[in-house]
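**Student:** Provide a 3D model corresponding to the input given below.
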Amino acid sequence: MERFLACLLARAVPEVCVKSVMLVRSSLRHYWIRVKPDHYEYWECFRQKYPQGTRIALSLEASRPSLERTFCPEFSSPENLIKWLSDVLKLTQGEKRLLTLSIRGGRWSDF
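**Tutor:** Now for the predicted structure:
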């Protein structure tokens, strides 16, 4: 299911290469998405293209330090990560369902 998420993120920021994504759970139990090959470039371009993402992330209680850097916002639950990405990208109901399956059914890598 990470393939769907990779395609979704590639479509959101087509000017940056997305070869793969990794669902990450940090030691602080924060959830975020790692993009390869260039994680920092991807999220920097994402933030430029979707400036409302920071406001939406704050409303979903994203970690403030993650919002101050050019990373994917970190959330305390996978559900908030799903809601954030869905709201920022204005996904259809079907896309949101697939994203939910992708993230809930995905393999979380501990970081």
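
**Student:** in the chain, where is pLDDT below threshold?
**Tutor:** 1, 105-111 (pLDDT under 70).

**Student:** quick one, strands of it?
**Tutor:** In the chain, the strands defined using DSSP state E lie at 20-25, 31-36, 108-110.

**Student:** which residue packs closest to residue 72, ignoring adjacent ones?
**Tutor:** Sequence neighbours aside, residue 32 is the residue nearest to residue 72 in space, at 4.4 Å (criterion: Cβ to Cβ, 6 or more residues apart in numbering). Backbone N, C-alpha and C define where each C-beta goes, glycine included.

**Student:** OK, contacts around residue 99?
**Tutor:** Residues in contact with residue 99 (Cβ atoms under 8 Å, 6 or more residues apart in numbering) are 4-5, 8, 82, 85-86, 91.

**Student:** would you turn those into JSON lines with neighbour count?
**Tutor:** JSON lines is the format used below for the contacts of residue 99 (neighbours: other Cβ atoms under 10 Å):
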{"residue": "4", "neighbour count": "16"}
{"residue": "5", "neighbour count": "22"}
{"residue": "8", "neighbour count": "19"}
{"residue": "82", "neighbour count": "21"}
{"residue": "85", "neighbour count": "27"}
{"residue": "86", "neighbour count": "19"}
{"residue": "91", "neighbour count": "17"}
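
**Student:** measure residue 100 to residue 62 for me?
**Tutor:** Separation of residue 100 from residue 62 (Cβ to Cβ, to the nearest Å) stands at 18 Å.

**Student:** which one of the two has more residues nearby?
**Tutor:** residue 62 (23 against 16; other Cβ atoms under 10 Å).

**Student:** leaving out sequence neighbours, find the closest residue to that one.
**Tutor:** Spatial nearest neighbour of residue 62, chain neighbours left out: residue 73 (4.0 Å); criterion: Cβ to Cβ, 6+ apart.

**Student:** next one: stretch 13-20 to chain centre, how far?
**Tutor:** The chain centroid and the centroid of stretch 13-20 are separated by 13 Å under Cα atoms, centre = their mean, to the nearest Å.
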